[in-house]
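Colleague: here is my input, please return the structure:
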Amino acid sequence: MFAQESEAVKLELEAEYYESNGYPNAAEEKRIKAAQIRRKDFQFRKDYETPVSDVHKTRPFDSGNVSFWGGFWEIGIRGNRSFAAFGGGEDWQDKNARLWFQSGSPFFPRSSIPYQNESVLPLTDEPKSFSSRQIVPSITLSYRRENQKWGIEYSNLPFQTSYTHNTFGLINGFQTAQYETRFRMLDHRLVLKIYEEFRKDKWFSWDFGIRTGGWRTDSAYYSSTLNQAGAIRENVSFVAPSAGMRYYQSFPLGMRLELGADIFLTPFGTLDYKRTVLKDPMYGAEGAISGLNQYYSIESGRPLQMNLSGFDFHFVYSFLFLKQHRLNFGFQSTSYTWKANESQMPRFTAVNVDSLGAGVMDWYKSSAIYEADGTGKRTSRYFSVLNLYFGYSYAF
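Modeller: I've put the predicted structure just below:
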């Protein structure tokens with residue numbers, strides 16, 4: 001009996017060695033053999049319990065047949081349908097005397113999407129939430145070391161929408177303007193994952209990565225009652241470190257559940273914009289514009305510095321068959337909050353002196369409003385994207 005117990009202890013020590021060196025299957029086999037030896041020696045004792053084996057359970061990362069570069073790879077494609085909601089900032093300035101004085105009015109009507117989002121008329125039928133008009137594809141790529149200690153994962157989040165809305169005013173009679181807006185976004189996420197085994201079928205990972213991407217807004221309006229038109233073009237880009245964690249739970253038949261979240265924060269965002277206004281055009285023969293009473297454009301001399309932060313939540317449910325093919329569906333919810341530094345003097349272009357004065361005054365009134373967003377009790381500028389997707393990936 002002593003010799004057999006010594007053999008069982010030896011097997012347990014070997015199991016610990018294999019497990020610490022990244023060979024969990026071999027370690028499990030050693031533990032089962034040790035349990036079988038003890039069951040034979042102590043079967044006459046009722047107080048001895050044979051350890052329950054997890055051999056029937058599967059790990060969340062048992063995909064792939066061919067290892068290269070020291071690990072297993074998965075590459076996939078997703079079809080994404082996204083929905084977004086925007087916070088355009090506060091319209092009323094009545095609680096801030098300085099903003100009221102600088103903007104010249106206690107009310108500053110705003111649109112939903114652009115950063116520089118002053119509305120030409122105060123009443124609007126613009127929605128606050130939008131959906132992508134089509135299913136947008138994206139790719140995923142993951143790498144997992146053979147010892148299942150760490151890995152790398154890449155994914156991206158696309159969103160795009162376009163819409164038309166109207167604005168109205170009642171001062172000096174009924175007035176109206178029509179807006180056309182297009183918004184496009186792409187967010188890339190590259191993560192280093194440090195895996196930890198809680199139980200054989202329950203794992204989690206510490207995620208440390210980097211996010212890079214941005215969005216572009218193109219918006220234009222025309223008002224026949226105001227005899228005015230305008231356009232704005234904005235580009236935002238950012239690079240941000242991120243940190244978070246993810247929980248993995250495997251189930252029979254190759255099914256796996258993933259839940260996770262991460263946060264990101266950076267002062268290294270940039271905003272590049274150009275705003276153009278055309279008022280009171282003069283028409284010549286056949287309706288062609290022969291001159292302008294007022295035309296000016298305001299654009300960033302160099303990109304504005306922008307602080308950006310965000311939060312991600314992930315849910316993925318997948319099914320692995322034949323050890324190499326994975327079907328997955330899930331959702332990703334991402335929120336972005338940002339604030340730009342408006343202290344930099346922009347570049348002005350104007351058709352005459354009066355237009356230049358109007359452009360300078362436009363910038364003076366609006367820049368104070370934009371820079372005040374997110375300070376004191378004023379809400380920050382933000383938008384959230386909910387992305388639903390269905391995908392397929394191949395494990396090498």
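
Colleague: so what's the residue count around the residue lying closest to Lys274 once chain neighbours are set aside?
Modeller: Excluding the flanking residues, the one nearest Lys274 by Cβ to Cβ, 6 or more residues apart in numbering is Glu299, at 3.9 Å. Yep, even glycine has a C-beta here, placed from its N, CA and C like the rest. Each residue near Glu299 was counted by other Cβ atoms under 10 Å, and the total is 14.

Colleague: what residues sit buried inside the helix or strand containing Thr217?
Modeller: In this assignment (DSSP states H and E), Thr217 forms part of strand 202-223. Residues 203-205, 207, 209, 211-219, 221-223 are the ones in strand 202-223 that count as buried (16 or more other Cβ atoms under 10 Å).

Colleague: what distance separates that strand from the centre of its chain?
Modeller: 4 Å (Cα atoms, centre = their mean, to the nearest Å).

Colleague: for it, the averaged confidence score.
Modeller: Averaged across strand 202-223, the pLDDT comes to 94.

Colleague: that one pairs with which strands?
Modeller: strand 175-199 (antiparallel), strand 228-251 (antiparallel) (DSSP bridges).

Colleague: starting at the chain centroid, how far to the next helix or strand after the shortest one?
Modeller: Meaning strand 228-251. Remark: after strand 228-251, the chain's next helix or strand is strand 255-283, criterion DSSP H and E. In terms of Cα atoms, centre = their mean, the gap separating the centre of strand 255-283 from the centre of its chain is 11 Å.

Colleague: strand 255-283 - contacts with which helices or strands?
Modeller: strand 202-223, strand 228-251, strand 289-299, strand 304-321, strand 325-340, helix 353-372 (3 or more Cβ pairs under 8 Å, 6 or more residues apart in numbering; DSSP states H and E).

Colleague: weakest of these by average pLDDT?
Modeller: strand 289-299 has the lowest average pLDDT among the helices and strands packed on strand 255-283, namely a mean of 76.

Colleague: stretch 371-380: which residues count as buried?
Modeller: Buried-residue list, stretch 371-380, by 16+ other Cβ under 10 Å: Glu371, Ala372, Asp373, Gly374, Arg378.

Colleague: out of the residues you listed, who's nearest Ser112?
Modeller: Ranked by distance to Ser112 (Cβ to Cβ), the buried residues of stretch 371-380 are led by Asp373 at 13.6 Å.

Colleague: hmm, Tyr382 and the closest one touching each other?
Modeller: No: in this structure, Asp373 is not within contact of Tyr382 by Cβ atoms under 8 Å, at 9.6 Å.

Colleague: okay, now the unreliable bits of this protein?
Modeller: Applying pLDDT under 70 to the chain picks out residues 1-6, 8-9, 19-20, 22, 25, 38-64, 94, 281-292.

Colleague: now for Asn156, how many residues are close by?
Modeller: With other Cβ under 10 Å as criterion, Asn156 counts 17.

Colleague: scratch that, Tyr364 is what I was asking about
Modeller: Tyr364: 12 neighbours (other Cβ under 10 Å).

Colleague: residues in contact with it?
Modeller: Residues near Tyr364 by Cβ atoms under 8 Å, 6 or more residues apart in numbering: Gln102.

Colleague: give me the most central residue, this protein.
Modeller: Thr334 (4.3 Å; Cα atoms, centre = their mean).

Colleague: I'd guessed that residue sits against Pro158; true?
Modeller: No: assessed by Cβ under 8 Å, Thr334 is found out of contact with Pro158, at 11.5 Å.

Colleague: confirm Leu99 sits in a strand?
Modeller: No: checked against DSSP: H, G, I helix; E, B strand; the rest coil, Leu99 lies outside a strand; its state is helix.

Colleague: leaving out chain neighbours, which residue sits closest to it?
Modeller: Nearest non-adjacent residue to Leu99 (Cβ to Cβ, 6+ apart): Gln93, at 4.1 Å.

Colleague: give me the nearest residue to Gly260, chain neighbours excluded.
Modeller: Arg246 (3.0 Å).

Colleague: okay, now the one you found: neighbour count?
Modeller: Arg246 has 20 neighbours, counted by other Cβ under 10 Å.
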